[in-house]
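Chemist: using only what follows, build the 3D model:
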Amino acid sequence: MSPEEHQDSAPLHLDTQVVALGRPARAPGAPVNPPVTFTSTYLADGPVDYARVDNPSWGPLETVLGALEGGRALAFGSGLAAIAAVLAQVPPGGVVVSPRHAYSGTTALLADLAATGVARVRTVDLTEIDQVEEALTGAALLVAESPTNPMLEVADLPRIIAAAHEAGARVMCDNTFATPVHQQPLSLGADVVVHSVTKYLSGHSDVLLGATITPDTRQGRELHERLHAHRTSRGAIPGPMEAWLALRGVRTLGLRMARAAGSAAELARRAQGHPAVTRVRYPGSGAMLALEVTGGGEGAERVCASVRLWTHATSLGGVESQIERRRRHTAEAATVPDTLLRLSVGIEHVEDLWADLTQALDTATRP
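Modeler: Just a heads-up that it's a prediction; the model follows:
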């Protein structure tokens, strides 16, 4: 019995799905891993006529991601490409309701759409239900993140999704931070989930990749086809090697997230007592947290410059722990504190992470 057949009869746990799914058919002498198919051209009269439409290397990854989120996945060349594909489904001049704190690529793209008149954007605090409900009047799309980037605010997803549907709006939920280990937005009613596969899913800071996942419903299948058409016509496709690397990375998602999330919770607890930390933002699960520190923006930059084990970088989700002051980027929302440090916890030993973070935080209190 294949893993796929087993899943039909008894659902597999997530830790098993990431290992077992997306494998070649089982036969004597068959390879355990799918091959990488490097081609731009296919012989005529087959199911695919050109490599921009499909590649055998995408399928195994899409199988795994779809199973993890409970839907059907499409791989894209980047997380932003996946988000752009969903935003392209908004009718001209349509209203998009978006969080005031969100992935800066999303907010920059929405700002561009608003500036060119392609869409009208209403910005809300996703934790304020009344504000969200009011903004949804006449809206075409609600963009949701929970927890938000980089403030780690937690929204009541079932409630705001229900409010969006009552208003006739579709819901896109970016699940990059939580990952399907901790949250599956399709099960909460979301119409499409997007991921930066670059981050925790692939987990090794070596690929750029994105994905959309839609539910196995009539509307979900129709949206899947429109997103596939967008990917093909805009050329927003992944490379075969990137898809293969992401598949290899996602095999250890359960193990990596268990280690990283456990360390993040412990670091959040310990940071509460450090004199240089004025506020700890931790949503209660996952491997992301944020610290607000003393010494203003300069003090926060000193912390980043002083780490030796943590990686001072603008990405997240790798096996290596990463730290950054988000307001160093002009695209970041002005409501993000100047002293906020976003921390992506990796899989190093928590004692080593804490020792390095402590010595770096100590620099923020020095004159």
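
Chemist: just the strands from the stretch 251-367 of the chain, written as ranges.
Modeler: For the stretch 251-367 of the chain, the strands defined by DSSP state E, counting those that start in this stretch cover 277-281, 288-293, 311-312, 322-325, 340-344.

Chemist: now the stretch 51-200 of the chain
Modeler: Going by DSSP E, counting those that start in this stretch, the stretch 51-200 of the chain shows strands at 72-76, 94-99, 119-124, 141-145, 170-174, 192-196.

Chemist: got TSV for the strands of the stretch 251-367 of the chain, with distance to G94 and mean pLDDT too?
Modeler: For glycine as for every other residue, the C-beta is placed from the backbone atoms N, C-alpha and C. Converted to TSV, the strands of the stretch 251-367 of the chain look like this (distance: least, Cβ to Cβ, whole Å; pLDDT from 0 to 100):
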stretch	distance to G94	mean pLDDT
strand 277-281	32	98
strand 288-293	31	98
strand 311-312	39	98
strand 322-325	33	98
strand 340-344	31	98
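
Chemist: out of the ones you listed, nearest to V181?
Modeler: Checking the strands of the stretch 251-367 of the chain against V181 by Cβ to Cβ gives strand 288-293 as the closest, at 12.6 Å.

Chemist: how near is P99 to L136?
Modeler: Separation of P99 from L136 (Cβ to Cβ, to the nearest Å) stands at 13 Å.

Chemist: now do the helices in the stretch 251-367 of the chain.
Modeler: Assigned by DSSP state H, counting those that start in this stretch, the helices in the stretch 251-367 of the chain fall at 253-271, 296-306, 350-362.

Chemist: for T214, which of those helices is the nearest?
Modeler: Of those, nearest to T214 by Cβ to Cβ is helix 253-271, at 20.5 Å.

Chemist: what ranges does the stretch 1-150 of the chain have for its helices?
Modeler: 3-9, 14-20, 58-69, 79-87, 104-115, 129-135.

Chemist: now render those helices as JSON lines, adding mean neighbour count, mean pLDDT and distance to R281.
Modeler: Below are the helices of the stretch 1-150 of the chain laid out as JSON lines (neighbours: other Cβ atoms under 10 Å; pLDDT from 0 to 100; distance: least, Cβ to Cβ, whole Å):
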{"stretch": "helix 3-9", "mean neighbour count": "13", "mean pLDDT": "56", "distance to R281": "37"}
{"stretch": "helix 14-20", "mean neighbour count": "18", "mean pLDDT": "97", "distance to R281": "26"}
{"stretch": "helix 58-69", "mean neighbour count": "23", "mean pLDDT": "98", "distance to R281": "25"}
{"stretch": "helix 79-87", "mean neighbour count": "24", "mean pLDDT": "98", "distance to R281": "22"}
{"stretch": "helix 104-115", "mean neighbour count": "17", "mean pLDDT": "96", "distance to R281": "17"}
{"stretch": "helix 129-135", "mean neighbour count": "17", "mean pLDDT": "98", "distance to R281": "20"}
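
Chemist: picking that back up, right, so the strands of the stretch 51-200 of the chain: which one is the most enclosed?
Modeler: When the strands of the stretch 51-200 of the chain are scored by mean count of other Cβ atoms under 10 Å, the highest mean neighbour count falls to strand 192-196 (a mean of 29).

Chemist: now do P215 against A300, distance only.
Modeler: Here the criterion is Cβ to Cβ. By it, P215 lies 41 Å from A300.

Chemist: the more surrounded of the two?
Modeler: A300 (27 against 21; other Cβ atoms under 10 Å).
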